[in-house]
Each structure stands twice: as structure tokens, then as C-alpha cells.
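1. I would like the atomic coordinates for the input below:
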Amino acid sequence: MAGTALVVGASGIVGSATAELLVRQGWAVHGLARRAVAQPGVRPVAADLQDAAATAAALSGIRADAVFITTWLRQDSEAENIRVNSAMVRNLLDGLRSNGSTGHVALVTGLKHYLGPFEAYGKGALPHTPFREEQGRLDVENFYYAQEDEVFAAAERDGFAWSVHRPHTVIGKAIGNAMNMGTTLAVYATLCRETGRAFRFPGSAAQWDGLTDMTDAGQLAEHLLWAATTPAARDQAFNVVNGDVFRWSWMWGRIADWFGIAPAPFDGSIQPLEQQMADDGAIWRRLAEREGLAEPELDRLISPWHTDADLGRPIEVVTDMSKSRRLGFIGYRATDDSFYDLFARLRADRLIP
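-> Here you go, the predicted structure:
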């Protein structure tokens, strides 16, 4: 049954996909972001979650049946990630109390629950794959854990249900997003075609040869809505991926084909995109002017540091979704189709030529 939803981080990859799905399903949707962005059917709410008083004021009068937290702010250290991002969740949930809180809070985190935070990403003693929800927290500080703890504490205090959603790398469209592999690879392929540069896989041999999976933003949105409206999913943490597995040695050529270029042979060495694309800003601006693209600033489109972190991992990453399947979630996406759909949307919106 449709109700009233608050999507926090509505301008991001996950938030915009979630708001779009909720609108299609007949929900009344409030979309909170630091800078309100017009979205069809969404009532914009501008608030900086780091400011408790301003957040409470912005939420005044909003009584949401379900709240979807899809945002975070990257900081220079994990200690700062924990301080800032836990405070944002706390300020949000405190701000909702004056309106009678909510019925359900869904928090999006990710596989760093199993792999560790950016400062220790994919290092040390890690759980075996496939990752399963019953695998406990790593013995390391992690802002995902701090966010969860804020939700758990507020749920115990205010009586709402909760769900935690752990996607792998999310494929979807957003501008200015901190973790945006799909658009980063689209821009990289476009620049390789423009300059004649080799379209070379930038990551590790383990990722090139090993099995992996990903999460379409639409799949994640459906999972969020499913958990918020399924009693059996109450107070549960879930993995969420597309449902297929692939190897980058296969996927890389399919991405190259979409852009009409040849994939370069992979020699096993890591050549990070952050280094490869460091001086591409001027090239992109010229290309954007010539082709009439909507975003001439390269840094607004790409997140090479995050793509490098994912593609440079020294271990195979496969994610188990049995818990969701047993409870009735049957959503599925083919990951190559997720990439193609994103690329077509980027082209239609004049973000790539």
C-alpha cells in the first residue's frame, strides 16, 4: 500500500532511483538533499544533515510512513567519516521525532561491511566469499557500523522498524556523486575513443579473472521498497545485488563494444584511472563544447578513486542473496544490461556524446 516517504539523498544515484520508483508506485514522496533538486512528483526538502536544528526545521510537518537513508559524506579519515556520518543519521532521526517519528527506516550501506573501510579496504583477515549477512562485523572502525548503531538506537527508542541494505557497486545515474563507476567508465571509454588512448582495464588480475557482481540502482530501489512493505523483512540486514555474476575479462569487451572501440589486452598490472584521467579535464571541456554536452566539468561526472578501489581489490567478491530470496524478493537484473541502460541514458541526457 502506498504511503508517504522521505528519501534522504534524493539527488544521488540510489536516492533518485528510489524516489522515481516510489512516485511510480503512487507514494507521496519528499526528497531531502543539501540542495533541493527538481524531480518529477517529488516534493523537495533542502537540509544539511550536519546541522541538527536546520534539519529539524526542514522536517517540520513531514510525517513519513517510511524513510530511506541513501546518503553519506566522504571525509579525509575513517574517524571523520564516523563522526560526520553518524551525526547525520542521528540528526535526521532526532528531527523526525517531533512529527511522531516514522514506521520504517531503511539504511543503505554496502559491502564495506565485509571488506572494511577505505583506509583498510580489502586488507587483513577478511570473510570468505560469497558474503552472507550472518558474517559479523570486522574488528575495525567503520562508519557503516556507526550509521547502523544510530538507526538501532533510535528504533529502540521510537519503536519503528528498520532494514539495512548492503549493495555491491551501484550502477545508476547522478551528477556529482562520490561513488559512480558506471558513469566513470562511460567517460573513460569516451575519452579513449576521442584521443586514441588504449581502453585498458585499470585494476587487478584478481578482479579481471575472478567472479564478481554489481547492483543496479533500480534493483536496489525495488529491494528498499520491498523491505519497507514486507513484515517478514522487519529489523533485518540484507545483501542486495543484481542476481548474476560475471568476470571483468568478459564485461570489459562488452563495454568497449558499446562505445565502438577495441578493448586493450590486459597485462596483469594495475594502472589506476585516477592517474590515467588526472589531466583530462581540459580535453573533456573541449569535447563537451564541441558536442554540446550538459556537463563540461569532468570532476562532476567521474569518481576514479572509487572505481580504482573496487577494480583494484586483491580478492574475488561475490555476494549471497539467499536471505532475501527466502523471504520472497525475486528481483533480477543482468549487469551488462544495467551498463547499457545507463550508457543510453547518459547519451540521451547529453552527458556523453
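2. which residues in the stretch 101-250 of the chain form helices?
-> For the stretch 101-250 of the chain, applying DSSP state H, counting those that start in this stretch gives helices covering 112-115, 143-158, 181-195, 205-209, 217-229, 248-258.
3. Include distance to residue 306 when you put the ones you listed into a markdown table, please.
-> Where C-beta positions appear, they are placed from N, C-alpha and C, glycine not excepted. Output for the helices of the stretch 101-250 of the chain, formatted as a markdown table (distance: least, Cβ to Cβ, whole Å):
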| stretch | distance to residue 306 |
| --- | --- |
| helix 112-115 | 11 |
| helix 143-158 | 15 |
| helix 181-195 | 7 |
| helix 205-209 | 14 |
| helix 217-229 | 15 |
| helix 248-258 | 16 |
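4. Now render those as JSON lines, adding mean neighbour count and distance to residue 175.
-> Converted to JSON lines, the helices of the stretch 101-250 of the chain look like this (neighbours: other Cβ atoms under 10 Å; distance: least, Cβ to Cβ, whole Å):
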{"stretch": "helix 112-115", "mean neighbour count": "22", "distance to residue 175": "23"}
{"stretch": "helix 143-158", "mean neighbour count": "18", "distance to residue 175": "24"}
{"stretch": "helix 181-195", "mean neighbour count": "21", "distance to residue 175": "8"}
{"stretch": "helix 205-209", "mean neighbour count": "17", "distance to residue 175": "26"}
{"stretch": "helix 217-229", "mean neighbour count": "24", "distance to residue 175": "14"}
{"stretch": "helix 248-258", "mean neighbour count": "16", "distance to residue 175": "21"}
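5. and those, which one is worst for confidence?
-> Ranked by mean pLDDT, these bottom out at helix 112-115, which scores a mean of 92.
6. what's that helix packed up against?
-> When contacts are defined as 3 or more Cβ pairs under 8 Å, 6 or more residues apart in numbering; DSSP states H and E, helix 112-115 packs onto helix 143-158.
7. what sits up against the helix it packs on?
-> 69, 72, 78, 81-82, 85-86, 89-90, 93-94, 97, 101-102, 105, 107, 109-110, 112-113, 117, 137, 160-162, 164, 235, 237 (Cβ atoms under 8 Å, 6 or more residues apart in numbering).
8. Which members of these are classed as buried?
-> 69, 72, 78, 81-82, 85-86, 89-90, 93-94, 101-102, 105, 107, 109-110, 112-113, 117, 160-162, 164, 237 (16 or more other Cβ atoms under 10 Å).
9. Residue 315 is nearest to which of the helices of the stretch 101-250 of the chain?
-> helix 205-209 (5.9 Å; Cβ to Cβ).
10. Can you show me the CA trace of the closest one as CSV?
-> The C-alpha trace of helix 205-209 is given here as CSV (Å, rounded to 0.1, in the frame of the first residue of the first chain):
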residue,chain,number,x,y,z
ALA,A,205,44.4,-9.5,-12.0
ALA,A,206,42.2,-10.9,-9.2
GLN,A,207,39.3,-8.7,-10.4
TRP,A,208,40.0,-9.3,-14.1
ASP,A,209,39.9,-13.1,-13.7
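11. Show me what it is packed against.
-> helix 248-258.
12. Output the contacting helices and strands for the helix it packs on.
-> By 3+ Cβ pairs under 8 Å, 6+ apart, helix 248-258 packs against helix 181-195, helix 205-209, helix 335-348.
13. looking at it, residue 96 is touching residue 102, isn't it?
-> Yes: with contact defined as Cβ atoms under 8 Å, residue 96 counts as touching residue 102 (5.7 Å).
14. Residue 5 belongs to a strand, doesn't it?
-> Yes: according to DSSP: H, G, I helix; E, B strand; the rest coil, residue 5 belongs to a strand.
15. got the contact list for it?
-> Residue 5 is in contact with 19, 22, 27-30, 64-68, counting by Cβ under 8 Å, 6+ apart.
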